[in-house]
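**Student:** Give me a model of this one.
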Amino acid sequence: MDKLIHPKTTAETALRKFEELTGFACRLLEWEPVQTGNTQRVPDAQVEVRIGQRNLVFVAEVKRRIDRVGMLHQVKNQLQAFGRPGLLITHHLTQELAQQCRELDLPFMDTAGNAYLKDQETFILVTGQRPAAGVERAEKAFRAFDRTGLKVLYAFICQPELLNAPYRVIAKAAGVALGTVGWIFTDLRDHGFLVEAEKGARKLLERDRLYQNWIGNYPTRLRNKLVTRRFAAPDPEWWKEAQPREYGAYWGGEVAAAKLTKYLIPKTCTLYTLEDPKHLIIRHRLRPDPLGTIEILDAFWEHALPQAGDQYPDVVHPLLVEADLMAVGDPRTIETAKMIHEQHLA
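**Tutor:** Below is the predicted model of the structure:
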């Protein structure tokens with residue numbers, strides 16, 4: 001089975017391809033450099049690009065896959081936190097996403113040779129380069145961020161003691177087949193997210209990178225597989241008095257964010273339900289509407305899995321709230337997602 005290419009290799013490949021296509025020398029100065037700013041997080045890399053007599057130095061975020069605009073906003077926010085010129089490095093960006101990078105003023109390089117760099121004296125744009133097929137096949141082998149892996153990781157994050165539970169207990173809590181648990185542990189260990197101590201105790205590493213990968217993959221690999229129904233309500237503020245836990249449901253998305261931050265004013269309502277939502281629908285007179293601002297999704301976890309804790313008994317875990325907000329992808333939800341990350345996940 002192919003192995004997932006290490007992010008450092010992705011960065012080195014992208015820099016080499018950029019050099020081949022443009023003739024401008026570039027190099028990886030440092031991997032995971034020490035960050036002296038006011039953020040606890042460090043960038044993935046520091047790179048240098050030589051343009052004539054000028055050396056442009058960037059802090060870089062390396063992402064395995066970028067497949068929607070919301071992820072570009074997420075990377076831009078991460079890079080801005082370092083207070084230095086930033087660069088996205090990834091496997092491949094489509095022409096549409098490359099154009100979005102231009103509109104966001106987000107410099108990028110990918111391993112196919114596509115790139116965008118700009119400052120007061122420089123403008124470089126390369127698009128239309130196709131990725132290497134072998135790299136794409138290697139990416140698909142990493143199970144920890146496919147549909148099943150995301151469910152298992154969510155169980156670990158909600159209930160950390162599960163990390164050292166027997167496989168059958170983990171499988172039941174996450175709602176997955178017993179045989180998949182071992183593969184997920186292997187992938188996490190192989191790619192630097194998991195270590196096993198002398199007596200076999202497991203510990204997750206690089207939690208921030210783990211969270212960002214979970215958030216980035218959730219919309220396309222798990223969320224869009226959930227049964228989803230849309231509704232409208234006669235009262236736009238119905239959610240303020242609703243008690244979803246009485247119906248086996250939890251708030252996600254914008255309502256959950258409003259409760260966690262006391263900042264966002266929700267425009268949409270998201271509910272994850274572990275039970276048939278018909279009584280909740282009747283109680284609040286919700287009517288089916290394919291364009292409605294209320295979405296009810298089947299929960300992907302089991303009943304016993306704790307969520308946001310006693311202080312927020314009707315809200316899903318902050319990781320899922322952040323993922324929902326990033327999937328919306330507009331500036332107000334992205335700003336709130338950043339707040340949730342800093343207050344509840346950092």
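
**Student:** Return the alpha-carbon coordinates of stretch 293-312 using CSV.
**Tutor:** Only the C-alpha atoms of stretch 293-312 are listed here, as CSV (Å, rounded to 0.1, in the frame of the first residue of the first chain):
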residue,chain,number,x,y,z
THR,A,293,-32.1,28.1,6.9
ILE,A,294,-32.6,25.2,9.3
GLU,A,295,-30.7,21.9,8.7
ILE,A,296,-31.2,18.7,10.7
LEU,A,297,-28.5,16.1,10.3
ASP,A,298,-28.2,12.6,11.6
ALA,A,299,-25.5,12.5,14.2
PHE,A,300,-22.4,10.4,13.3
TRP,A,301,-21.5,9.4,16.9
GLU,A,302,-23.1,7.2,19.5
HIS,A,303,-25.4,8.4,22.4
ALA,A,304,-22.8,7.9,25.2
LEU,A,305,-20.1,10.1,23.5
PRO,A,306,-19.9,13.4,25.5
GLN,A,307,-19.9,16.7,23.5
ALA,A,308,-19.2,20.3,24.7
GLY,A,309,-19.5,19.6,28.4
ASP,A,310,-21.7,20.5,31.3
GLN,A,311,-21.5,24.2,30.7
TYR,A,312,-23.0,23.8,27.2
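
**Student:** Run the chain-centre distance for it.
**Tutor:** Put simply, stretch 293-312 sits 18 Å off its chain's centre (C-alpha atoms, centre = their mean, to the nearest Å).

**Student:** same deal with stretch 276-283?
**Tutor:** Distance of stretch 276-283 from its chain centroid, counting by C-alpha atoms, centre = their mean, is 31 Å.

**Student:** which element is residue 270 on?
**Tutor:** In the assignment (DSSP states H and E), residue 270 maps to strand 269-273.

**Student:** which other residues reach that strand?
**Tutor:** Residues from elsewhere that reach strand 269-273 (C-beta atoms under 8 Å, 6 or more residues apart in numbering): 233, 239, 244, 247-256, 277, 280, 293-300, 316, 320, 324. C-beta: built from backbone N, CA, C; applies to glycine.

**Student:** Going through those, which ones are buried?
**Tutor:** 233, 239, 244, 247-256, 277, 280, 293-297, 299-300, 316, 320, 324 (16 or more other C-beta atoms under 10 Å).

**Student:** So which residues of this structure form strands?
**Tutor:** Per DSSP state E, the chain has strands spanning 26-31, 45-51, 54-63, 86-90, 108-110, 115-118, 123-126, 194-196, 202-204, 228-232, 249-252, 269-273, 287-288, 294-298. These are given in chain order.
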